[in-house]
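[1] here's a sequence, model it:
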Amino acid sequence: MKFFNTIILAAGISAAMLSCTNELNIDPEGTPTEANFWKTENDLITGANAMYRPLSDSEFYGRGFFWFINASDDMVTGRSKSEADNVKNFSSNYIAAGDLETQWNKRYAVIGIANSVIRNADNIQASQAVKNKYVGEALFMSSRMYFELAYSYGNEKAGIPIVDRTQGPNPNPIPRAANVMENYNYIVNDLKKAAELLPTQAELPAKDYGRPHKAAAWALLAKVYLFMKDWKNAEYWANEVMNKGNRNLLNSYADVFKAENNYSSEYIWSIPSTPKFNAVGSILPGVMLENKGWGEYNGW
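    As a prediction, this is how the structure comes out:
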């Protein structure tokens, strides 16, 4: 009897251990990490989509970003606003003002997501064409963010920090680039890679309108070269936009602001934004269309 009890006890322990093993052998359901997330094509698409989510915040391309323009002759805020006045007067008092202070962190957050896409794309089970598309988008978005940071915070004495995208998140401070030209050269290199990988605007399905494409990368290249005072290359890439990118001005300037012309031949790239997307949306496709100007966000 004692022998049979021992067998039953051993069998019970084995069953319990097996049950325990089966219950614990499950996929993680908490916050994803690089180790458990970047596996499928859907992971790549989801990860790339995360680059665009912060752009809908009102401070990203809304008031926070606009206050910087008060430092130029392009805009004057028509009401009392301390952040705008401090920028206009080149005063350091704007530090800790929410609309302005967040511009730095928001853009580096997008750069961090873009770097994750680029760093992990080769681990994804997807076609090379799909990988190229989303790596191209990540290179474009990273370049866009670096450019906006560089011309806002960099100069000939010091540039902005360049994050090592081959490594994961690093809590240690990153030294500033030697000067802003180092930033611009880094951006130019990435944009040329992006242009090689991205599809043309004509190749994008309607559901992907608003995503980067070749002409968008060429246009940003032209703009970066302008800031570098490299007129020859600026002209070259602007011509690529018009010729190979098939971008043309509309016949009537008034037609630019009609919703039905959101993605016309004059369109290059924008942040899609509608009243349904967030509380401060617009029926126009977004902000900063390269060949139009600033006035399209929220009807400003």
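
[2] can you tell me how far residue 123 is from residue 222?
    34 Å (C-beta to C-beta, to the nearest Å). C-beta coordinates here come from the backbone N, C-alpha and C atoms, glycine included.

[3] typed the wrong thing, it's residue 160
    Here residue 160 is placed at a distance of 21 Å from residue 222 (C-beta to C-beta).

[4] returning to what we had before: who has more neighbours out of residue 123 and residue 222?
    Each of residue 123 and residue 222 has its neighbours counted (other C-beta atoms under 10 Å); residue 222 has more, 21 against 13.

[5] would you agree the more buried one falls within a helix?
    Yes: per DSSP: H, G, I helix; E, B strand; the rest coil, residue 222 lies within a helix segment.

[6] contact partners for the closest residue to residue 233 other than its chain neighbours?
    Using C-beta to C-beta, 6 or more residues apart in numbering and skipping residues adjacent in sequence, the residue nearest residue 233 is residue 225, 4.3 Å away. For residue 225, the contacting residues are 188, 231, 233, 234, 237, by C-beta atoms under 8 Å, 6 or more residues apart in numbering.

[7] got the buried residues for the helix or strand encompassing residue 225?
    Secondary structure assignment for residue 225, by DSSP states H and E: helix 214-227. The neighbour-count check on helix 214-227 (16 or more other C-beta atoms under 10 Å) flags 214-225, 227 as buried.

[8] what's the closest of those residues to residue 174?
    Proximity of the buried residues of helix 214-227 to residue 174 (C-beta to C-beta) peaks at residue 224, which lies at 21.2 Å.

[9] need the pLDDT of the closest one.
    Residue 224 carries a pLDDT score of 98 in this model.

[10] again with the one 3 residues further on
    Looking at residue 227, its pLDDT is 97.

[11] that one contacts residue 181, doesn't it?
    No: using C-beta atoms under 8 Å as the test, residue 227 is too far from residue 181 to be in contact (9.5 Å).

[12] name the helix or strand of this protein that has the lowest mean pLDDT.
    Each helix and strand of the chain was given a mean pLDDT (mean pLDDT, DSSP states H and E); the minimum falls on helix 2-24 at a mean of 43.

[13] and the nearest residue to residue 134 once chain neighbours are set aside, what does it touch?
    Nearest non-adjacent residue to residue 134, counting by C-beta to C-beta, 6+ apart: residue 48, 4.3 Å away. Residue 48 sits next to 117, 134, 137, 138 when contact means C-beta under 8 Å, 6+ apart.

[14] between which two of these is the distance greatest?
    Farthest-apart pair in these is 117 and 137; separation 7.7 Å (C-beta to C-beta).

[15] common neighbours of the two, please.
    What both residue 117 and residue 137 touch, as defined by C-beta under 8 Å, 6+ apart, is the set 48, 51.

[16] check what pLDDT residue 131 gets.
    Per-residue confidence (pLDDT) for residue 131: 95.

[17] spatially central residue in this protein, please.
    Nearest residue to the geometric centre of the chain (C-alpha atoms, centre = their mean): residue 141, 3.6 Å.

[18] contact partners for that one?
    51, 52, 110, 111, 114, 212.

[19] so what's the residue count around the last one?
    Spelled out, it's residue 212. Residue 212 has 28 nearby residues by other C-beta under 10 Å.

[20] leaving out the residues flanking it, which one is nearest to it?
    Nearest to residue 212 is residue 140, by C-beta to C-beta, 6+ apart, at 4.0 Å.

[21] touching, that neighbour and residue 220? I think so.
    Yes: using C-beta under 8 Å, residue 140 is in contact with residue 220, at 7.3 Å.
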